[in-house]
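K.L.:
got a predicted structure here, sequence first:
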Amino acid sequence: MQFGGRVIALTFAFALATWSGSAASLSLEEVLIQSLKNSNKIASSRESWIVARESVFASDATKESSLKYSGSGSLSETDSGSGYTGSDSYSNKITFSKNIFDGGQSRENLKVAEIQLERATASYRNTEQGVMLEAVQSYLDLSKSYQQVELQNNNITRLEKHVAAAKVNLAEGIGTPTSLAEAEARYARAQADRALFTTSLENAKDLFSKLTLMQANIDLGEAQLLGIEITLPQDRQEAEELALKNSPNVIIARLAERAAGQELHLAQAKQNPTLGFSLSATQSNSSDSISASISVSSPLYSTNSTISSARKKVALHSQSMRDLKEAIGNAKIEARSAFRDHEGAKITLNAVVAEVKASRLVLDGVGKELKYGLKTTLDLLDAEKAFNDAELRLVQARHDITLREFKLIAATGGLTANQLGIGHVLHKLSDSPRPENPLKNPLSFW
């Protein structure tokens, strides 16, 4: 399998090369770091992984030993006719018990728990990819919105000058009411467009602040994607192969099928004979005793509820197999679609770049011809509008190609903190501390 390296930073840096932004720029790397640190989804998924790990520790419950104490006492007074006669009794008993052989239940339980832990790990990766992609989109949307508002502000400034010039020309008798109306109409339309862009900017700020807990009042015009290097698939076949290998959804479905199959083995183990050992020591006011026993337990026949539970597990296994096929099919389609979208975004960007260059030449030419009376003010307004529209499309096209890159990486299972070079931000799942024991010592009242 061949991989082609791409540095997304170069793509986005090129996209913003002609943009004049604030000196206080914010990198995507920093945004991703803050999103990982502050995401409730990430925190919840990590807790879910800890829950799955505790199930591994508890998988041998059927073979654990137990030590129990029981005690009793009584006091009575009996009237025998000649007076009251008192009697008392007490008994203390300590019992140690353990399953010597549990029919293989602990072994099968351990396998189920280990599969579920792997599944929790894949689920965490899926959550991490979702959070990262959401942060990327929020960052790019915020940057795009800033640029759109800036471009529209510049457009309105130009149109204000046109309206002022049209009024002067009309007053001096060298202009017409139609020219003034045209200029004012374009100016009003530009103000309406700016209102839409401003609304989009405020919405982008809100989402950005929610995801990162950072202020969104920083102009991201010159923000660089420092330290982010991504490897992209070179063709659809490679994208498919990567998706089948690395997609968290496929891994989750595959592990779910394994877990469902393992549940059948566990159900069979519960029907196997078990061998238990028990040792008791009893002290009472009448006698002391020690007893030991070995017991064998085995179901002689399967009850309706046991059979129904087993059939349920068979149906769940069949369901998981179908879910796995569906997940594989979806992963292939998503990978191919993401690859095509990225290729289309590259073609669109090249076309829009050419359009901006051509529109710039047209605008310059109309400006020169206007001086010699070969073009009218209306022609200049048309050329300026075409150039402004092309610039806005360029902003959108550059936003789209970068976002498509990240979506393609997510579709192939590569949008994780480790692969983006920021895996150090959060500790490893395996280093997660175990929760504190909330149970009190049963003997703590003594």
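P.N.:
The structure has been received and is ready for your questions.
K.L.:
show me where the stretch 51-200 of the chain has strands.
P.N.:
66-79, 84-101 (DSSP state E, counting those that start in this stretch).
K.L.:
so what's the closest residue to residue 177 other than its chain neighbours up against?
P.N.:
In this structure, residue 177 finds its nearest non-sequential neighbour in residue 170, 6.6 Å apart by Cβ to Cβ, 6 or more residues apart in numbering. C-betas here are computed from N, CA, C, even on glycine. By Cβ atoms under 8 Å, 6 or more residues apart in numbering, the contact set of residue 170 is 176, 177, 179, 180.
K.L.:
quick one: low-confidence parts of this structure?
P.N.:
1-25, 79-81, 83, 217-230, 442-446 (pLDDT under 70).
K.L.:
roughly how far does residue 96 sit from residue 290?
P.N.:
For residue 96, the distance to residue 290 (Cβ to Cβ, to the nearest Å) stands at 11 Å.
K.L.:
my bad, residue 324
P.N.:
56 Å.
K.L.:
same check, this time on residue 321
P.N.:
From residue 321 to residue 290 the distance is 54 Å (Cβ to Cβ).
K.L.:
from the contacts of residue 170, which is closest to residue 85?
P.N.:
Nearest to residue 85 among the contacts of residue 170: residue 180, at 123.4 Å, using Cβ to Cβ.
K.L.:
thought that closest one was touching residue 167?
P.N.:
Yes. With contacts counted by Cβ atoms under 8 Å, residue 180 reaches residue 167, the gap being 6.2 Å.
K.L.:
more neighbours: the two, which one.
P.N.:
The neighbour count for residue 180 versus residue 167, taken as other Cβ atoms under 10 Å, is higher for residue 180 (20 against 15).
K.L.:
what sits against the more buried one?
P.N.:
With Cβ under 8 Å, 6+ apart, residue 180 has these contacts: 163, 166, 167, 169, 170.
K.L.:
quick check: neighbours shared by residue 180 and residue 167?
P.N.:
Common neighbours of residue 180 and residue 167 (Cβ under 8 Å, 6+ apart) do not exist.
K.L.:
circling back: looking at residue 321 and residue 290, which is more packed in?
P.N.:
residue 321 (15 against 9).
K.L.:
any idea which of the strands of the stretch 51-200 of the chain gets closest to residue 438?
P.N.:
strand 66-79 (20.0 Å).
K.L.:
pull the CA atoms of that closest one into CSV?
P.N.:
Coordinates of each C-alpha in strand 66-79 appear next as CSV, following Å, rounded to 0.1, in the frame of the first residue of the first chain:
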residue,chain,number,x,y,z
SER,A,66,-15.7,-15.7,50.4
LEU,A,67,-15.4,-15.5,54.2
LYS,A,68,-18.6,-15.0,56.1
TYR,A,69,-19.5,-14.7,59.8
SER,A,70,-22.9,-15.4,61.4
GLY,A,71,-23.8,-15.2,65.0
SER,A,72,-26.9,-15.6,67.2
GLY,A,73,-27.8,-15.5,70.8
SER,A,74,-30.9,-15.8,73.0
LEU,A,75,-31.9,-15.3,76.6
SER,A,76,-35.1,-16.5,78.2
GLU,A,77,-36.9,-16.6,81.6
THR,A,78,-39.4,-19.4,82.3
ASP,A,79,-41.9,-19.6,85.2
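K.L.:
run me through the strand neighbours of that strand, direction for each.
P.N.:
strand 84-101 (antiparallel) (DSSP bridges).
K.L.:
please state the offset of the strand it pairs with from the chain centre?
P.N.:
How far strand 84-101 lies from its chain's middle: 56 Å, per Cα atoms, centre = their mean, to the nearest Å.
K.L.:
give the buried residues for that strand.
P.N.:
Residues 93, 97, 99, 101 are the ones in strand 84-101 that count as buried (16 or more other Cβ atoms under 10 Å).
K.L.:
contacts for it?
P.N.:
62-79, 273-286, 294.
K.L.:
show me which of these are buried.
P.N.:
Of the contacts of strand 84-101, these count as buried by 16+ other Cβ under 10 Å: 62, 63, 274, 280.
K.L.:
now do the contacts for the third one.
P.N.:
By Cβ under 8 Å, 6+ apart, residue 274 lies in contact with 99, 101, 102, 103, 296, 297, 298.
K.L.:
against residue 26, how distant is it?
P.N.:
For residue 274 relative to residue 26 (Cβ to Cβ), the value is 62 Å.
K.L.:
same question for the last one.
P.N.:
With the distance defined as Cβ to Cβ, residue 280 ends up 70 Å from residue 26.
K.L.:
what does the second one give?
P.N.:
Distance of residue 63 to residue 26, given as Cβ to Cβ: 55 Å.
K.L.:
same deal with residue 275?
P.N.:
In terms of Cβ to Cβ, residue 275 sits 66 Å off from residue 26.
K.L.:
same question, residue 383
P.N.:
35 Å.
K.L.:
which residue is the nearest non-sequential neighbour of residue 256?
P.N.:
Residue 256 sits nearest to residue 320 (Cβ to Cβ, 6+ apart), 4.9 Å away.
K.L.:
that neighbour: helix or strand, and which one exactly?
P.N.:
helix 304-371 (DSSP states H and E).
K.L.:
what sits against the residue nearest to residue 256?
P.N.:
253, 256, 257, 259, 260, 261.
K.L.:
now rank those residues by neighbours and give me the top one.
P.N.:
Ranking the contacts of residue 320 using other Cβ under 10 Å puts residue 253 first, with 24 neighbours.
K.L.:
hang on, it packs against residue 323?
P.N.:
Yes. If you go by Cβ under 8 Å, residue 253 and residue 323 touch, sitting 5.3 Å apart.
K.L.:
can I get stretch 389-400 as CSV, trimmed to CA atoms?
P.N.:
What follows is stretch 389-400, C-alpha atoms only, in CSV (Å, rounded to 0.1, in the frame of the first residue of the first chain):
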residue,chain,number,x,y,z
ASP,A,389,-18.2,37.3,-5.7
ALA,A,390,-15.2,35.4,-7.0
GLU,A,391,-13.2,36.4,-3.9
LEU,A,392,-16.0,35.1,-1.7
ARG,A,393,-16.1,31.8,-3.7
LEU,A,394,-12.4,31.5,-3.3
VAL,A,395,-12.7,31.8,0.5
GLN,A,396,-15.4,29.1,0.4
ALA,A,397,-13.3,26.8,-1.9
ARG,A,398,-10.2,27.1,0.3
HIS,A,399,-12.3,26.3,3.4
ASP,A,400,-13.9,23.3,1.6
